[in-house]
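> Any chance you can model this:
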Amino acid sequence: MNKTIVLALLMFQFLCAGSQVPNWDSLPYKLNYATIRLHHDTVENALYIMGAFTRVNDTSGNIIRWNGTSTTIYNMPYFNVYSIANFKGKVHAVANGYAYRLDDSIWTPLTTADTLCGILFPYSNKLMTPQEVEISPGKSVTNIALWNGSSWTSVFNIDTLFSAGGPCGIQTIAEYKGELYFGGNMNPHGKPSISEIVRFDGQHWKDVGGGIQNTGLGGVNKLLVWKGDLFACGEFFERQGAPGNCIARWDGTSWHKLAGGVLQGNYEGDIEDMVVFNNKLYCVGRFSTADGIDAPGMAAWDGQKWCSVSDDFNGQVVSSVSLFNGSLYMSGSFRANNGDSSYRFLAKWKGGDFSDACSQGLSVPATSGSTNSDLVYPNPAYDHVYVRTPSIKSIIFYDAVGRCVLRVSDNNLKQGIDIHSLPGGLYTVRIVSDNHIAIDKILKLD
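Presented below is the predicted three-dimensional model:
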């Protein structure tokens, strides 16, 4: 056997060793319901965890504060806390239409007769939030409310802009190039050009490149500024006239798509949240592929291409992601990671490689030789392989640059998997069974 073959097979055996994936640790919080959002308070340098839960480790509570060394559990008058922001050195929160300020360990209500709709956004030394104002019994107008630390002021009346949703449909606010951008699930009054997203320059409301068309779906969930551009993510699709699949980039003049975006199957999908980490834009939500690459619930955009993350949260939605003390934290409705049921609604990146499918892998020359692997055999193989794991749900083959090249979803695999049409080289195999996910590698020979 020549030196090239020996080196290739030795490298292959090295890569196969320790191929179990999970890059995430579970967190020591037992919650009775799912989490909805994570918030990094950069003023106090603390991570806040909030959602629909009402108990934490058998203690009443609906907000968790983690400062990296200790945990504080708060119990607000209302559960389902939607948004948190630090304003003038105090933590503020909105839950069930009411605003509160954290004074020491007491949540003080910020009294208003009107309904506050969720998102909190510090702006111009004030705290901004969407608001519904009742002007007479049964009749309300919609606008934006500003809190200056002692009282509320209604501004930016946009009741005439939207026929449905209005400010209570606003889910995200961002400041970009001197203008305020509002995104959400908002249906315009005969003005499709401001569908789901609109901007305010201080005097006038303006469209954003014709809006984001989505025929009444979920709209825009998050706006984020990165590398001089504004990114919008949510539930919208190119086939319906949107500028991308679940995500698009705005440069101040026009929209740009991020390759094929993300999708759940062929026609659905949703990016719930995104954050910048290690010079990539990490997106989480309800999707299974990113630009055709298998990416169950989490994917990263590096500015040129999508990268998948080799973790599977049991097919459940990852709804929020946040950066804290150099690590990524995620939350959602998931109860397991790669078949490990100790993950319940929360997970923390442990610091290893994400095994991104888009990164360059080892390219092995097509040659002959023999070796063995644990799960997929024979290895190397010419035309058929078999899998030892029982109760298989799916088997996915990836080439050296992370592209999905073969997917098998049939439990009846006694006849083996036909790989004769695959080019020679090294392939990563993802094996999903009832309660476990395993990763193996095989050498395909011509």
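> how's the protein carved up into domains?
3-20+362-444, 24-349 (automatic domain parsing).
> Check those domains for me and report the most buried one.
domain 24-349 (a mean of 19; mean count of other CB atoms under 10 Å). Where C-beta positions appear, they are placed from N, C-alpha and C, glycine not excepted.
> now the end-to-end length of that one.
4 Å (CA to CA, to the nearest Å).
> about what we covered before: save the domains of the chain as TSV, and put in mean pLDDT too.
Output for the domains of the chain, formatted as TSV (pLDDT from 0 to 100):
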stretch	mean pLDDT
domain 3-20+362-444	66
domain 24-349	84
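> Please list all residues in contact with the residue positioned nearest the centre of the chain.
In the chain, the centroid-proximal residue (CA atoms, centre = their mean) is V284; its distance is 1.4 Å. V284 is in contact with 271-274, 297-298, 318-321, 330, 332, counting by CB atoms under 8 Å, 6 or more residues apart in numbering.
> change it to 10 Å
By CB atoms under 10 Å, 6 or more residues apart in numbering, V284 lies in contact with 233, 262, 270-275, 297-299, 309, 313, 317-321, 328, 330-332.
> and the gap between V429 and C246?
For V429, the distance to C246 (CB to CB, to the nearest Å) stands at 28 Å.
> nearest residue to the residue nearest to the centre of the chain other than its sequence neighbours?
Closest residue to V284 apart from its sequence neighbours, by CB to CB, 6 or more residues apart in numbering: V318 at 4.0 Å.
> likewise G209?
Closest to G209 by CB to CB, 6+ apart is W255, at 4.7 Å.
> ok, now V81?
Leaving aside its sequence neighbours, V81 sits nearest to M50 (CB to CB, 6+ apart; 3.9 Å).
> again, but for D251
D229 (5.2 Å).
> So what does that neighbour have for phi and psi?
Dihedral angles phi and psi of D229 (degrees, to the nearest 10) take the values phi -120, psi 160.
> Partner strands of the helix or strand harbouring A300 and their direction?
If you go by DSSP states H and E, A300 is part of strand 298-301. According to DSSP bridges, strand 298-301 forms sheet pairs with strand 280-286 (antiparallel), strand 306-308 (antiparallel).
> Only C-alpha atoms, please: export it in CSV.
Presented in CSV, the C-alpha positions along strand 298-301 are these (Å, rounded to 0.1, in the frame of the first residue of the first chain):
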residue,chain,number,x,y,z
MET,A,298,-29.7,26.5,13.9
ALA,A,299,-27.5,27.9,11.1
ALA,A,300,-24.8,30.5,10.7
TRP,A,301,-24.1,33.0,7.9
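> Use 251 as the first number for this chain going forward.
Sure, I'll start numbering at 251, so the last one becomes strand 548-551.
> quick check, distance from it to the centre of its chain.
Mean-position distance between strand 548-551 and its chain equals 8 Å (CA atoms, centre = their mean, to the nearest Å).
> go on, stretch 500-514?
Distance of stretch 500-514 from the chain centroid (CA atoms, centre = their mean) equals 16 Å.
> do stretch 509-518 as well
Mean C-alpha position of stretch 509-518 versus that of the full chain (CA atoms, centre = their mean) differs by 14 Å.
> Quick one: residues in contact with it.
Contacts of stretch 509-518 from elsewhere in the structure, counted by CB under 10 Å, 6+ apart, are 467, 483, 485-490, 492-498, 519-521, 533-543, 545-549, 551, 554-556.
> circling back to that earlier point, relative to L531, how far out is the residue nearest to D501?
Distance, D479 to L531, using CB to CB: 10 Å.
> Wait, the residue nearest to V331 touches Y328, no?
No: M300 lies out of contact with Y328 (CB atoms under 10 Å); the separation is 11.2 Å.
> so what's in contact with these two at the same time?
Any residue near both M300 and Y328 by CB under 10 Å, 6+ apart counts here, and that gives 312, 343, 345.
> between the residues you listed, which is nearest N273?
Distance ranking of these against N273, using CB to CB, places N312 first at 28.8 Å.
> tell me the SS of the residue lying closest to that closest one once chain neighbours are set aside?
The shortest distance from N312 to any non-neighbouring residue, by CB to CB, 6+ apart, is to F329 (4.4 Å). Per DSSP: H, G, I helix; E, B strand; the rest coil, the local secondary structure of F329 is coil.
> so who does F329 touch?
Neighbour list for F329: 283, 300-305, 310-313, 345-346 [criterion: CB under 10 Å, 6+ apart].
> Same question for M326.
Counting by CB under 10 Å, 6+ apart, M326 makes contact with 300, 311-313, 343, 345-346, 348, 350, 352, 357, 359.
> Let's see that with 7 Å instead.
M326 makes contact with 312-313, 343, 345, 350, 357, according to CB atoms under 7 Å, 6 or more residues apart in numbering.
> Which one of these is nearest to W274?
Ranked by distance to W274 (CB to CB), these are led by I313 at 22.5 Å.
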